[in-house]
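1. Quick one, structure for this:
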Amino acid sequence: MGTTGAQGGRRVGRPRADQRPDSGLSPRAELLAAAAELFTTRGYAATTTRAVAELAGMRQASMYHYVSGKEELLADLLESTVTPSLTCARELLADDTTPAEDRLWELCRTDVELLCGGAHNLGGLYLLPEVRAERFAGFHAVRAELKDAYRQLLAATAAGGALAKSELELRTDLLFGLIEGVILVHRSDPERPVSAFAEATAEAALRIAGI
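-> Next up, the predicted model:
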């Protein structure tokens with residue numbers, strides 16, 4: 001039986017895993033892609049760091065040169081589902097030339113495309129009990145800012161401006177809940193074109209908002 005390492009004359013670097021061909025990604029990106037696949041198919045608790053490293057094509061010890069562990073991978077994946085939409089939301093809030101109704105519709109459409117357009121159901125990770133831990137405060141802060149952008153855009157519409165504060169908060173909760181929940185709806189028919197689904201969801205969101 002041969003040995004792995006310098007003694008056996010074998011290469012000691014990063015062996016590629018058979019499951020994942022060379023993609024040209026950076027090692028950290030490889031780890032995130034592997035974690036996304038395993039967390040959403042096998043489950044976060046059931047996924048080991050060894051499994052992530054092997055699927056990414058590296059040794060478990062090498063993995064720690066790029067990430068501190070599973071929690072960091074999960075935190076990065078969670079934030080990746082929010083930060084692009086938040087960037088869009090900030091741009092829409094700064095746009096005072098377009099009606100607020102149109103800007104709110106565009107934010108809903110963009111957000112749904114992000115949540116449903118990926119290869120894995122990362123939105124499902126929101127429900128993990130581990131996500132309540134302090135380690136994920138960054139994700140919660142970004143998500144809260146995105147939700148507040150929805151509230152501001154809703155308040156700037158004619159319908160939203162007529163609402164009492166408590167009603168505005170409720171409508172925001174319902175609207176935001178719809179957007180985050182679409183990943184479950186889309187999962188029931190993954191062949192549905194994401195762009196059409198995103199537009200239909202944006203229309204539904206505006207109806208919830210009273211527009």
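2. If you count neighbours, what's buried in the worst-scoring helix or strand of the chain on mean pLDDT?
-> Sorted by mean pLDDT, DSSP states H and E, the helices and strands of the chain end with helix 165-187, the least confident at a mean of 90. By 16 or more other CB atoms under 10 Å, the buried positions in helix 165-187 come out as Leu168, Arg171, Thr172, Leu175, Phe176, Leu178, Ile179, Glu180, Val182, Ile183, His186. Every C-beta, even on glycine, is put in place using the N, C-alpha and C of the backbone.
3. how far away is the residue positioned nearest the centre of the chain from Leu170?
-> What sits nearest the mean C-alpha location of the chain, by CA atoms, centre = their mean, is Thr81, with 2.1 Å. Separation of Thr81 from Leu170 (CB to CB, to the nearest Å): 24 Å.
4. in the protein, which spans are helices?
-> 27-41, 49-56, 60-63, 70-80, 83-94, 100-117, 137-155, 158-161, 165-187, 194-208 (DSSP state H).
5. Now tabulate those in a markdown table and tack on distance to Leu128.
-> Below are those laid out as a markdown table (distance: least, CB to CB, whole Å):
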| stretch | distance to Leu128 |
| --- | --- |
| helix 27-41 | 8 |
| helix 49-56 | 16 |
| helix 60-63 | 21 |
| helix 70-80 | 8 |
| helix 83-94 | 19 |
| helix 100-117 | 16 |
| helix 137-155 | 11 |
| helix 158-161 | 32 |
| helix 165-187 | 14 |
| helix 194-208 | 23 |
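6. just to revisit the earlier point, what helices and strands are in contact with the least confident helix or strand of the chain?
-> helix 100-117, helix 137-155, helix 194-208 (3 or more CB pairs under 8 Å, 6 or more residues apart in numbering; DSSP states H and E).
7. name the helices or strands packed onto the last one?
-> It refers to helix 194-208. Using 3+ CB pairs under 8 Å, 6+ apart, helix 194-208 sits against helix 100-117, helix 165-187.
8. quick one: the shortest one to helix 70-80, angle?
-> Relative orientation of helix 100-117 versus helix 70-80 (axes from the mean of the first three to the mean of the last three CA atoms, to 10 degrees): 140 degrees.
9. what's the answer for the longest one, then?
-> Helix 165-187 and helix 70-80 are oriented at 110 degrees to each other (the same axes, to 10 degrees).
10. residues in contact with helix 165-187?
-> With contacts defined as CB atoms under 8 Å, 6 or more residues apart in numbering, helix 165-187 is touched by 108, 111-112, 115-116, 121, 123-124, 126, 147, 150-151, 154-155, 160, 163, 192, 194, 197, 201, 204-205, 208-210.
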